[in-house]
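> quick one: sequence and predicted model below, then my questions.
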Amino acid sequence: MKKKLAVVLAAVLVLVMALPAYAAKYTPSVEQNGAPSVVQQQNSSGTYVDFLAYDDEGHELPPADVDDLILVITPIGQKDSAPNQQIKDILAWAKSDIDNAADLTKLVSGLQAKLDDLAKTDSKLEGAKAKDLVVCDLFDVALVRKSDNSYVSFADAGISSLKIKLDCSGLNIALMAANAGGWTILDGTELSSDGTMTITLSDLGAVAFVRVGAADSGGKTSPQTGYAADNGILVSVALVAALVGVVGACTLADKKRA
């Protein structure tokens, strides 16, 4: 019986030690979210379009230069059905990188400074800690040609930067991992009071939207320790309870044999 108990206790210890692996890095709905809604902007000719493209001098490209391009946004939940292997690879890398980090501060420097700066104009962020940031949206941004459905790079399209406007209420910070090249905080982001954010991309790749806490897009709120952490604890408790039940059964059996 002592040997059985030792085995059970060892298993419990393993489960407890494994709990930190469930560190909160996502909101509950991140893998169920669809692509963020694109809010159209007016280009130089007055036409509403999905994106504005600029050259290396910051001048907006003439509409005729980009009329053949379509903006394609693929959320992490649709990674496996992405129409391009490059998109699948980028999203897989981005998800893995987030999963393997203790928290988001391990992926990119300057998060706390960014939060402190945002807190100057948003009192709700006063005292917020970067380690409590969670990913609320993870998606890939790509361009495809209408003419042949081919995916193109900025260089192929003669684009230096791309400005897009997305519906992302509750967002605090936008991050980017361009082509699995490492994470950076997107500069030049503009968060409007209507819940939209305008972001300027200097490359195509995966983008992560993050916020403090874990309120999901459906209005539900989970503790800042996170949905994943809560599930990890629940799973562990269930397993521990089952193991204790086994111990009880073994003890009863031993008594009967005695």
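That came in fine, so what should we check first? Numbers count the residues shown, from 1 in each chain.
> could you find the closest non-adjacent residue to Asn43?
Val49 (5.1 Å; Cβ to Cβ, 6 or more residues apart in numbering). For glycine as for every other residue, the C-beta is placed from the backbone atoms N, C-alpha and C.
> what are the phi and psi angles of that neighbour?
phi -140, psi 170 (degrees, to the nearest 10).
> test my guess that it contacts Gln40.
Yes. Contact criterion Cβ atoms under 8 Å: Val49 and Gln40 qualify, at 6.0 Å.
> just want to know which of those two has more residues nearby.
Val49 (18 against 12; other Cβ atoms under 10 Å).
> which residues does the more buried one bridge with?
Counting by DSSP bridges, Val49 forms beta bridges with Gln41.
> now it: how far from Gln86?
Distance of Val49 to Gln86, given as Cβ to Cβ, to the nearest Å: 24 Å.
> can you count the residues close to Val141?
By other Cβ under 10 Å, 25 other residues sit near Val141.
> name the helix or strand for it, please.
strand 133-145 (DSSP states H and E).
> what sits against Asp99?
Counting by Cβ atoms under 8 Å, 6 or more residues apart in numbering, Asp99 makes contact with Lys25.
> ugh, wrong one, Ser45
Ser45 neighbours (Cβ under 8 Å, 6+ apart): Pro63.
> so how far is Gln85 from it?
35 Å.
> can you pull out the strands in the stretch 101-250 of the chain?
133-145, 151-152, 161-167, 173-177, 183-185, 190-191, 196-201, 205-212, 214-215, 221-222 (DSSP state E, counting those that start in this stretch).
> that older thread, list the residues that contact the residue nearest to Asn43.
By Cβ under 8 Å, 6+ apart, Val49 lies in contact with Gln40, Gln41, Gln42, Asn43, Pro63.
> try it again with 10 Å
Contacts for Val49 (Cβ atoms under 10 Å, 6 or more residues apart in numbering) come out as Val38, Gln40, Gln41, Gln42, Asn43, Pro63, Val66, Asp67, Leu69, Leu71, Ile164.
> buried subset of these?
Taking 16 or more other Cβ atoms under 10 Å as the criterion, what is buried in the contacts of Val49 is Val38, Asn43, Val66, Leu69, Leu71, Ile164.
> dump the residues you listed into a markdown table; add secondary structure and pLDDT as well.
A markdown table is the format used below for the buried ones among the contacts of Val49 (DSSP: H, G, I helix; E, B strand; the rest coil; pLDDT from 0 to 100):
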| residue | secondary structure | pLDDT |
| --- | --- | --- |
| Val38 | strand | 93 |
| Asn43 | coil | 93 |
| Val66 | helix | 93 |
| Leu69 | strand | 95 |
| Leu71 | strand | 94 |
| Ile164 | strand | 94 |
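> which of those residues lies closest to Ala102?
Lowest distance from Ala102 to the buried ones among the contacts of Val49 (Cβ to Cβ) belongs to Ile164, with 30.8 Å.
> please name the nearest non-neighbouring residue to the closest one.
The nearest residue in space to Ile164 (Cβ to Cβ, 6+ apart) is Phe51, at 4.9 Å.
> the one you found reaches Lys165, doesn't it?
Yes. If you go by Cβ atoms under 10 Å, Phe51 and Lys165 touch, sitting 8.6 Å apart.
> and the angle from the strand holding Val141 to strand 173-177?
60 degrees (axes from the mean of the first three to the mean of the last three Cα atoms, to 10 degrees).
> what comes up buried for strand 133-145?
In strand 133-145, counting by 16+ other Cβ under 10 Å, buried: Leu133, Val134, Val135, Cys136, Asp137, Leu138, Phe139, Asp140, Val141, Ala142, Leu143, Val144.
> count of neighbours near the closest residue to the fourth one other than its chain neighbours?
In space, Cys136 comes closest to Thr27 once its chain neighbours are excluded; the distance is 4.5 Å by Cβ to Cβ, 6+ apart. The local packing of Thr27 (other Cβ under 10 Å) involves 29 other residues.
> these two touch, right, Thr27 and Arg211?
Yes. At 7.6 Å, Thr27 counts as touching Arg211 under the criterion of Cβ under 10 Å.
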